[in-house]
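# Take a look and give me a structure for this.
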Amino acid sequence: MTFPPRSVIVLAGGISHERDVSLRSGRQVADRLQEHGLVVTLKDPDASLLAFLADTRPDVVWPALHGASGEDGALRGLLDLLRIPCVGSTSASARLAWDKPTAKVLVSRAGVHTPRSIALSRDAFRELGAASVLDSLSAGLPVPLVVKPAQGGSAQGVTLVDDRDDLPRAMVDAYTYCDVAIVEDRVAGTEIAISIIDTGDGPVALPAVEIQPLAGVYSFEARYNAGETRFYAPARLPDAVSEAAATAALTAHQCLGLRHISRIDLIVDAAGIPWFLEANVLPGLTETSLLPLALEAAGHDVGWVYSALAEAAIRDSQKVII
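As a prediction, the model looks like this:
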């Protein structure tokens, strides 16, 4: 299937901690769309963006903006007001997924396992006394733990805690990126990511990608520096476990109301149970990112899929969004 020529604005860069990753994702998206005949402008958003979009009226906007500027729903809401189609989830759904504690509650209510956790604001940590809070955490959530910001991505501010004495520093690191930190049980197992695409016929789970960081931790550096992580696509899991993980990922995607494209991060434990970690409304699309690996594992042409997603966004813009 071929698509009519479309004008696409790919937004990349921004001012978040993930600016460099966003620029790389945006360049990859722009290149793949251009290869399939779309007319693409790559733009770094600034104070002139909204006026620029109102004047140029592109057929569709593809936000490749990682971090708050592209994933917290604000930009998507403004694009709705301008009546400009946008690839990805609606503003309301993006907000749900962006806030990890909220996403965990909703996905858990839908029947998917998610690690036991607590969300602590910086203010509560101070007002209740750091020592008392840490004592309570140690009593109720013994190590090993994961501490991470309640919002954000690319493993920034994430700490694996194996010793209670390392918990204070982990909290400080998380608060560097967000005013709310999550402290959660660390589930041992195989880390996988399942990307979801929907080009118009309903959401489809792509093959799971297994993540094996050579240093043992899937850090920011391990995500975006070639050679620091081994990826297996499809993941080395029994068929029944792969199917269960795909079902969990689709459930998370749908219960959060996500649209067009998402990536669901999970851990599969020794019993073969998939545990939901978080949902990403704007998965990384760099040369080392997981969604392109999953597309290739499924035998899809990456550029064709990106073009089809742009077309889906244009069609969906004609529907009423609540």
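
# show me where pLDDT drops low in the stretch 101-250 of the chain?
Filtered on pLDDT under 70, the stretch 101-250 of the chain yields the residue ranges 153-154, 215-227.

# cutoff 80 now
Within the stretch 101-250 of the chain, the segments meeting pLDDT under 80 span 152-155, 213-228.

# ok, which stretches of it are helices?
Counting by DSSP state H, counting those that start in this stretch, the stretch 101-250 of the chain has helices at residues 122-127, 130-140, 167-175, 220-224, 239-255.

# Export the second one to CSV, keeping only CA atoms.
Looking back up the chat, that one is helix 130-140. What follows is helix 130-140, C-alpha atoms only, in CSV (Å, rounded to 0.1, in the frame of the first residue of the first chain):
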residue,chain,number,x,y,z
ALA,A,130,14.0,11.6,56.3
ALA,A,131,15.2,9.2,59.0
SER,A,132,11.7,8.1,60.0
VAL,A,133,10.6,7.7,56.3
LEU,A,134,13.7,5.6,55.6
ASP,A,135,13.1,3.4,58.6
SER,A,136,9.5,2.8,57.5
LEU,A,137,10.6,2.0,54.0
SER,A,138,13.2,-0.5,55.2
ALA,A,139,10.6,-2.2,57.4
GLY,A,140,7.9,-2.4,54.8
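
# Which strands or helices does it pack on?
strand 117-121, helix 167-175 (3 or more CB pairs under 8 Å, 6 or more residues apart in numbering; DSSP states H and E). All C-beta atoms are positioned from the backbone trio N, CA, C, and that covers glycine.

# among those, which is nearest Gln28?
helix 167-175 (29.3 Å; CB to CB).

# quick one, the closest one and helix 130-140 angle?
On the basis of axes from the mean of the first three to the mean of the last three CA atoms, to 10 degrees, helix 167-175 is oriented at 100 degrees to helix 130-140.

# May I have helix 167-175 as CSV, with CA atoms only?
This file holds the C-alpha atoms of helix 167-175, laid out as CSV (Å, rounded to 0.1, in the frame of the first residue of the first chain):
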residue,chain,number,x,y,z
LEU,A,167,18.6,4.3,50.0
PRO,A,168,19.2,8.0,51.0
ARG,A,169,21.4,8.6,48.0
ALA,A,170,18.9,6.9,45.7
MET,A,171,16.1,9.1,46.9
VAL,A,172,18.2,12.2,46.3
ASP,A,173,19.0,11.0,42.8
ALA,A,174,15.3,10.5,42.0
TYR,A,175,14.3,13.9,43.4
